[in-house]
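Visitor: Pasting a predicted model and its sequence here:
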Amino acid sequence: MTPINTLTSTAAPLPLPNIDTDQIIPKQFLKRIERTGYGDFLFYDWRYNFDAAGHTTPNPDFVLNKPEYAHAEILLAERNFGCGSSREHAAWALNQFGFRAVIAPTFADIFYSNAGKNGIILCRLTDAEVETLIQRSTANPQHQITINLEQQTVTDDQGFQAHFDIDPFRKHCLLNGLDDIGLTLLHKDKLDAYEAKHNEEFWLAPKAQATA
Amino acid sequence: MFEKVWQQHVVVEPAGEPTILYIDLQLVHEVTSPQAFEGLRLANRPLRNPARHIATVDHNVPTTSVADRLVIADQVASAQVNALRKNCAEFGIELFDVEDAEQGIVHMIGPELGATKPGMTIVCGDSHTSTHGAFGALAFGIGTSEVEHVMATQTLPQDKPKTFRINVEGGVNGELPYGVTAKDIILDIIGRIGTDGASGHVVEYAGSAIRALSMEGRMTVCNMSIEAGARAGMIAPDDTTFAYLKGRRFSPAYEKDPVGTVSAIPNYPDSFNPPPISRSPWDLAVEQWSALVTDLGATFDRELTIDATKLAPNVTWGTSPGMVTTIDSAVPSLADAKTDADRKSFERAFEYMDLKPGTPIKDIKIDAVFLGSCTNGRIEDLRAAASIVDGYHVAKTVRALVVPGSQAVKHQAEAEGLDLVFKSAGFEWREPGCSMCLGMNPDILSPGERCASTSNRNFEGRQGRGGRTHLLSPAMAAAAAITGHFTDVRYWKFNSKEGR
């Protein structure tokens, strides 16, 4: 994971609540066994128009297809972003399309965790703060937003200033690009001891013997 | 209960970091695992504890015929299924493959095998892992990076969630009103608290109506906890739980296997002491599991009580499971939206679903019916639906399919003759899998098609691009299949010749 601290970018507004992971990356793209190549399919059903023969053309009305938002690295959305399925493909698709951060009032739990593991900064701001940013980025696609992870602040070029909360450990991992598995394995001795004892608790073993 | 399970699984609590929680069982399926196995290979890490992993194929296997499943026409899906076979062989994981008698949706086979047990921690790269909470396990869905984490360490770093008890109180002996099911309980809860209402919380379902539910009903309730945003849903284990688990393939043995004896009281004559009695692993396990029950006076971060005697059959009308109402009411109007954001979603949902505010639910005509999924693909669900369709035929304009959740359910249903009831009524009788719940395999809706579905999500395009999904109980879906529009099962005229 690449370390990330500050990010300054234009932002694409998607002013809807409950944007679910089925919208972020539809199921037909989950059959692949690779971890890359999902960016083209981000928001697939919203991003493309489909003719009777099944051919696709970009939907010119969708925000990500507008040239003025093409280079936005920040996505703005309303509450409960990323709800639904646990598919980490949603985080991969956002990342591989070019988003480095999402700003919304709330995020669904599993998506929040998946995004963190892929170096995407998620900023929870108040409804009113998100609304302000959405209005400014809608009115002016060149509107620049700056996220400072170390300071936990979101600012813009028009005097906007907000603070967001983030778990200190998650922040530490994002800032340093740390691998979670490596961190857990630092505790291998304690894990070995725990597991040796725990394995004797047969009533919690997945595969006990049904007959004597 | 949650607190007890959590504490029993704490490996270490490093200062300033999330708790490292031991994971008793990871369930694996083809869609969210290939990148995790690949991660292990790239980092040259072994899979720590293969005996605590079970795998199956469910999400993208065809359900049309055995032949179609053995040779999957979709090359990308086929490659993914083959990757799981190769990975399970390489890392030593037991795989229940398409032709196995134990195959089924991952959340069906855990309980059916007896692999799911009270007090365990269970994870799977699938959000409906919350299903297993019905047994008093702490079970939750995770992303692929976390799947890899569990493979490598058999643990997960976790921040402790908050707790939320929902008491569902029924009538005498916890009885639900006629025609009301577990599905209606959970749809009502989601409608009440919203799709992010339980975010950051583990929900414990309690109350007389929950106690009175079968394991199948409890699984339906816990399954859709995620649709209320919950991290997990749990129900304390009781005699219903133990009766379900006893004798299953991976349950502790209960016959003649003395592992413990009651010791004699010293300094008392032998005639006073009872003869040594042996207790089987099963007895010891039940004793351990029984201790999980929530203590009287336990406190929760949040609590809610629902009067289940006032519930009616529910049907969703929109594109989020929280957009739900009862069969005897109508599509809401914009005035019913509580916030500006809700108003925007309502408008969008009216357009996507092609529904006008104020339309009575019973007037909505359907094109397709899907009976199945990890929410409602169990034997009890198929029995309820079969009793409705028996003696009738599916409406001319409706395409209806039954997809049993597992091979075990399919065989049981066939033994009871339910397959014949469905087939003679004009339903398609399919092979087990996730099927049209998420439409990863060929079972999808066409744009504009409207489906009465026993599954769990009515998101835009969930069952196929442009498809319109209404969630409801199996009996309600069956009734809609016969009449061609939503129909109140409370007034259903049964037509069975065999008195089913």
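Guide: Yep, that arrived. For clarity, every value in this text was computed on a predicted model and none was experimentally measured. Residues are numbered from 1 along each chain as shown, chains lettered A, B, ... in the order given.

Visitor: Residue ranges in chain A under the pLDDT threshold?
Guide: Counting by pLDDT under 70, the ranges of chain A that qualify are A:209-212.

Visitor: Next secondary structure after the longest helix along it?
Guide: With DSSP state H setting the assignment, residue counts place helix A:127-139 as the longest helix in chain A. Proceeding N to C from helix A:127-139, the next assigned helix or strand is strand A:144-148, under DSSP states H and E.

Visitor: Need the CA coordinates for that following strand. CSV is fine.
Guide: Only the C-alpha atoms of strand A:144-148 are listed here, as CSV (Å, rounded to 0.1, in the frame of the first residue of the first chain):
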residue,chain,number,x,y,z
GLN,A,144,-10.2,22.5,-5.4
ILE,A,145,-10.4,20.5,-2.2
THR,A,146,-7.5,19.7,0.0
ILE,A,147,-7.5,16.7,2.5
ASN,A,148,-4.7,16.6,5.1
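
Visitor: Past the top helix by length along chain B, which element shows up next along the chain?
Guide: With DSSP H setting the assignment, residue counts place helix B:75-91 as the longest helix in chain B. Helices and strands here follow DSSP H and E; after helix B:75-91, the next one along the chain is strand B:94-96.

Visitor: Against which helices or strands is that next one packed?
Guide: Taking 3 or more Cβ pairs under 8 Å, 6 or more residues apart in numbering or on different chains; DSSP states H and E as the contact definition, the neighbouring helices and strands of strand B:94-96 are strand B:53-56, helix B:75-91. Any C-beta I mention is one placed from the backbone N, CA and C, and that applies to glycine too.

Visitor: Now do the shortest one: distance to the chain's middle.
Guide: A distance of 17 Å separates the centroid of the chain from that of strand B:53-56, by Cα atoms, centre = their mean, to the nearest Å.

Visitor: Please name every helix or strand in contact with it.
Guide: Strand B:53-56 is packed against strand B:25-28, helix B:75-91, strand B:94-96, helix B:106-113, with contacts defined by 3+ Cβ pairs under 8 Å, 6+ apart.

Visitor: State the mean pLDDT of the strand of greatest length in chain B.
Guide: Identified as the longest strand of chain B according to DSSP state E is strand B:162-169. Strand B:162-169 carries an average pLDDT of 97.

Visitor: Also stretch B:134-143?
Guide: If you average the pLDDT over stretch B:134-143, you get 97.

Visitor: And that stretch, end to end?
Guide: Using Cα to Cα, to the nearest Å, the end-to-end distance of stretch B:134-143 comes out at 22 Å.

Visitor: do that stretch and chain A meet?
Guide: Yes. Remark: stretch B:134-143 sits within contact range of chain A at B:141-143, by Cβ under 8 Å from any Cβ of the partner chain.

Visitor: Which of the residues you listed fall in strands?
Guide: Using DSSP E, the members of those that fall within strands are B:Gly141.

Visitor: Nearest residue to B:Ala77 in space, ignoring adjacent ones along the chain?
Guide: For B:Ala77, the nearest residue in space outside its immediate sequence neighbours is B:Asn60; the separation is 4.2 Å by Cβ to Cβ, 6 or more residues apart in numbering or on different chains.

Visitor: and what of B:Thr454?
Guide: Beyond its immediate neighbours in the sequence, the residue positioned closest to B:Thr454 (Cβ to Cβ, 6+ apart) is B:Asn376, lying 3.7 Å away.

Visitor: For that neighbour, grab the count of nearby residues.
Guide: The tally of other residues near B:Asn376 (other Cβ atoms under 10 Å in any protein chain shown) stands at 33.

Visitor: ok, so what distance separates the closest residue to B:Ile166 other than its chain neighbours from B:Gly233?
Guide: With Cβ to Cβ, 6+ apart as the measure, B:Leu304 is the residue that lies nearest to B:Ile166, at 5.0 Å, once sequence neighbours are left out. Here the distance between B:Leu304 and B:Gly233 works out to 13 Å (Cβ to Cβ, to the nearest Å).

Visitor: Equivalent analysis for A:Phe160, please.
Guide: In this structure, A:Phe160 and B:Gly233 are separated by 39 Å, where distance is defined by Cβ to Cβ.

Visitor: and those two? which has more neighbours close in?
Guide: A direct count of neighbours by other Cβ under 10 Å for A:Phe160 and B:Gly233 places B:Gly233 higher, at 32 against 16.
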